[in-house]
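Peer 1: Sharing a model prediction with you, sequence too.
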Amino acid sequence: MFSELTRHVSHEDTPSRRALRPPQGLVLVCSTMQIRKLGTRSDLIFPRFCGRIDDRGDYLAIRTPSNPNYYWGNYLVFDHPPVRGCLSRWVNIFHHEFPDYAHPHHYAFAWDDDGRCEPDCTEFLQANFREEREVVLVIDRIEALNHIVRDLEIAECRTAADWDAAWKLLLRTAGPMLTPYHREYCRVCLQHYRRMSEAGKGAWLLARCGGEMVAHVGIYCDGELGRFRQVATLPSHRRRGIASLLVAEAAKLGTERFGASKLVIVADPDSSGERLYKRLGFREQERNDQLSWSPADGALGI
Ligand SMILES: CC(C)(COP(=O)(O)OP(=O)(O)OC[C@H]1O[C@@H](n2cnc3c(N)ncnc32)[C@H](O)[C@@H]1OP(=O)(O)O)[C@@H](O)C(=O)NCCC(=O)NCCS
């Protein structure tokens with residue numbers, strides 16, 4: 001509905017491209033970037049529906065115009081990891097792709113490589129970029145869990161009142177991240193999840209305990225792929241098995257209603273989330289590193 005995937009002549013002159021270029025003459029390189037990682041493929045479910053993906057051959061420019069403050073909705077995915085010399089080139093490409101950010105607003109770079117070249121983030125880190133590490137986990141189905149949490153009800157968000165409650169819960173589970181920027185980001189993200197739910201692409205589940213909203217999770221699917229979003233439980237209700245039950249319920253919907261056979265979840269390495277997912281049977285598929293900068297990270301050393 002909102003999707004747009006376009007292909008363009010690449011703007012970037014990568015080392016591999018320079019090596020391929022004949023010594024003389026004009027060469028137009030027009031190709032499609034190969035997506036290798038399950039993490040990247042499942043990330044694209046969201047901009048494919050709520051934004052736009054421009055394939056430049058050796059990188060993807062991903063945009064969510066309705067949520068310009070969403071860093072990982074407005075970013076670049078390269079087909080190679082960062083190496084020395086990438087910083088100024090990647091930053092220039094970002095400016096070219098996102099000319100509407102009037103001043104340095106954020107930079108967000110991911111890469112979907114074949115793992116053969118070791119990333120070297122040194123110059124990015126020296127420029128005050130932040131390195132974000134993720135573990136991508138996958139499962140094909142989850143067996144029903146047999147533990148019971150007293151007074152717990154799990155239901156899908158359907159009405160405007162449900163979505164409003166979901167937004168409030170998202171804010172309550174945001175913890176120290178709750179800045180005005182984050183409030184707005186959450187509001188627009190939930191609008192997108194609502195549109196995707198209403199279009200039959202997935203569901204947002206809320207857990208109520210004694211009538212109070214205490215936990216949530218989203219599951220959104222495209223073809224064989226399903227991707228979980230925003231697993232969180234209020235601090236007062238943690239360690240009772242609520243998130244485990246929610247993820248299991250969402251997985252059931254993902255496979256049985258939305259037809260997915262690969263359910264992907266992303267966690268911080270060595271986090272309680274990663275432990276929880278592995279206990280449910282998820283297995284590690286890959287590690288993802290990403291680089292981002294925002295004004296909160298300090299002066300940009302470019
Ligand atoms: C991660 C998070 C979602 C877990 O929610 P939760 O409802 O507490 O999850 P569960 O209760 O199913 O499992 C959490 C722990 O409680 C334990 N637990 C579950 N039932 C229990 C019970 N009845 N008694 C004691 N412990 C129990 C689990 O074994 C697990 O232990 P571990 O962390 O040592 O592995 C929650 O901590 C949270 O919202 N964190 C902030 C957001 C976040 O990090 N989300 C994950 C993003 S990937």
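Peer 2: Received, thanks.
Peer 1: end to end, how far does stretch 162-181 reach?
Peer 2: 23 Å (CA to CA, to the nearest Å).
Peer 1: Now that stretch: average pLDDT?
Peer 2: The average pLDDT within stretch 162-181 is 86.
Peer 1: chain center to that stretch: distance?
Peer 2: Stretch 162-181 has its C-alpha centroid displaced from the chain centroid by 18 Å (CA atoms, centre = their mean, to the nearest Å).
Peer 1: same deal with stretch 74-86?
Peer 2: With CA atoms, centre = their mean, you get 17 Å for stretch 74-86.
Peer 1: residues in contact with it?
Peer 2: By CB atoms under 8 Å, 6 or more residues apart in numbering, the surrounding residues in contact with stretch 74-86 are 12, 14, 16, 33-34, 40, 58-64, 67-68, 90, 93-94, 97-98, 106, 108-113, 117-124, 289, 291-292. Where C-beta positions appear, they are placed from N, C-alpha and C, glycine not excepted.
Peer 1: Ala166 falls within a strand, correct?
Peer 2: No: per DSSP: H, G, I helix; E, B strand; the rest coil, Ala166 lies outside any strand segment and is helix.
Peer 1: Might you report the residue contacts of it?
Peer 2: Neighbours of Ala166 in contact, by CB under 8 Å, 6+ apart: Cys157, Leu190, Trp204, Leu206, Met213, His216.
Peer 1: just to revisit the earlier point, give me the buried subset of the contacts of stretch 74-86.
Peer 2: Using 16 or more other CB atoms under 10 Å as the burial test, the contacts of stretch 74-86 include 12, 14, 33, 40, 58-64, 67-68, 90, 93-94, 97-98, 106, 108-112, 119, 121, 123-124, 291-292 as buried.
Peer 1: returning to what we had before: of the contacts of Ala166, which pair is most distant in space?
Peer 2: Distance extremes for the contacts of Ala166: the farthest pair is Leu190 and Met213 at 13.3 Å, using CB to CB.
Peer 1: which one is the residue of the stretch 51-200 of the chain found nearest the ligand nearest to, not counting chain neighbours?
Peer 2: When scored by CB to the nearest ligand atom, the stretch 51-200 of the chain has Thr173 as its residue closest to the ligand, at 5.8 Å. Nearest in space to Thr173, with sequence neighbours left out and distances taken as CB to CB, 6 or more residues apart in numbering, is Ala232 at 3.8 Å.
Peer 1: For the host helix or strand of the one you found, list the C-alpha coordinates in CSV.
Peer 2: Using DSSP states H and E, Ala232 sits in strand 225-233. Output in CSV follows, covering the C-alpha atoms of strand 225-233 (Å, rounded to 0.1, in the frame of the first residue of the first chain):
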residue,chain,number,x,y,z
LEU,A,225,9.2,-14.0,7.4
GLY,A,226,7.8,-12.8,10.7
ARG,A,227,9.4,-10.2,12.9
PHE,A,228,8.7,-9.4,16.6
ARG,A,229,8.6,-5.8,17.8
GLN,A,230,9.0,-4.2,21.2
VAL,A,231,8.8,-7.0,23.7
ALA,A,232,8.4,-5.3,27.1
THR,A,233,6.8,-5.8,30.5
